[in-house]
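Engineer: Sequence and predicted model, in that order:
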Amino acid sequence: MTVDSSTFDHSQGQTQNQPIVDDDSQPWHPSQTHEDFKFSEMTHQAALNKDYVNKLLSIIQWIARGEAKFTLQSHHDVTEAWKCVAKLMTPFEKGVISILHQKQNFEFDVHFCPLWDWEMDPLSNPILMPHFVWDVQCLYKHNGEGFEWFVDEPWTGNWWWNIQVGVYHCTSSMPYCY
């Protein structure tokens, strides 16, 4: 990369084309407003990526337009909201795993959700339950000459079909996928 040194004023360390801001009334310059600067500074300090910054801006604009009610006032409020949500789900349990290694027993604390209970959470949710697919489906589309089978979800593939029609001798089982 070549730099044209004629546009650089070595005495002040500024390019000649850049205006020097001497106006102390706008220390956030070149941001348009002080609030824009504070927001940009916060997203930078929090190391938010582009997608999270855009989501956060969408929420702020949604609230500013009066399309949403926002009640959280502090980190404590957010934490309490998550605690309320957590009460609706299968709680973690604590157990100990013992491992024998070179004639010495090591114990490790492990936190886990019982798998069956964890799986039952979405199945017992009346909002989610209607969206589960329990029966295999064969989907076909016309290609201009005839119909051809296509797979676009797990329940449209051979594996599910073979289980449900009994190829694997599991006539009473239904796969559970999401």
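Structural biologist: Here it is on my side, so go on. Numbering: from 1, shown residues only.
Engineer: Kindly list the longest helix within the chain.
Structural biologist: helix 50-64 (DSSP state H).
Engineer: Could you list the buried residues of it?
Structural biologist: V53 (16 or more other Cβ atoms under 10 Å). Yep, even glycine has a C-beta here, placed from its N, CA and C like the rest.
Engineer: Now do the strands in this structure.
Structural biologist: Applying DSSP state E to the chain gives strands spanning 8-9, 14-15, 93-101, 104-112, 139-142, 147-150.
Engineer: circling back to that earlier point, return the distance of the longest helix of the chain from the chain's centre.
Structural biologist: Taking Cα atoms, centre = their mean, to the nearest Å, one finds helix 50-64 lying 15 Å from the centre of the chain it belongs to.
Engineer: Rebuild the strands of the chain as a markdown table, extending it with distance to V78, mean neighbour count and mean pLDDT.
Structural biologist: Compiled in a markdown table, those are given as follows (distance: least, Cβ to Cβ, whole Å; neighbours: other Cβ atoms under 10 Å; pLDDT from 0 to 100):
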| stretch | distance to V78 | mean neighbour count | mean pLDDT |
| --- | --- | --- | --- |
| strand 8-9 | 48 | 12 | 48 |
| strand 14-15 | 43 | 11 | 50 |
| strand 93-101 | 25 | 9 | 95 |
| strand 104-112 | 22 | 9 | 95 |
| strand 139-142 | 43 | 10 | 89 |
| strand 147-150 | 44 | 10 | 88 |
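Engineer: To A47, which of those lies closest?
Structural biologist: Evaluated with Cβ to Cβ, these place strand 104-112 nearest to A47, the distance being 26.8 Å.
Engineer: Give the other helices and strands that that closest one contacts.
Structural biologist: strand 93-101 (3 or more Cβ pairs under 8 Å, 6 or more residues apart in numbering; DSSP states H and E).
Engineer: Can you spell out which helices and strands pack onto the strand it packs on?
Structural biologist: For strand 93-101, the contact count by 3+ Cβ pairs under 8 Å, 6+ apart identifies strand 104-112 as packing neighbours.
Engineer: Just give me the neighbour total for the closest residue to S31 other than its chain neighbours.
Structural biologist: Distances taken as Cβ to Cβ, 6 or more residues apart in numbering put F37 closest to S31, at 3.9 Å, once the chain neighbours are dropped. Applying the criterion other Cβ atoms under 10 Å, we find 16 residues in the vicinity of F37.
Engineer: same deal with E41?
Structural biologist: Under the neighbour criterion other Cβ under 10 Å, E41 is assigned a count of 12.
Engineer: Over to W160?
Structural biologist: For W160, the number of neighbouring residues by other Cβ under 10 Å comes to 20.
Engineer: can you check W161 too?
Structural biologist: For W161, the number of neighbouring residues by other Cβ under 10 Å comes to 14.
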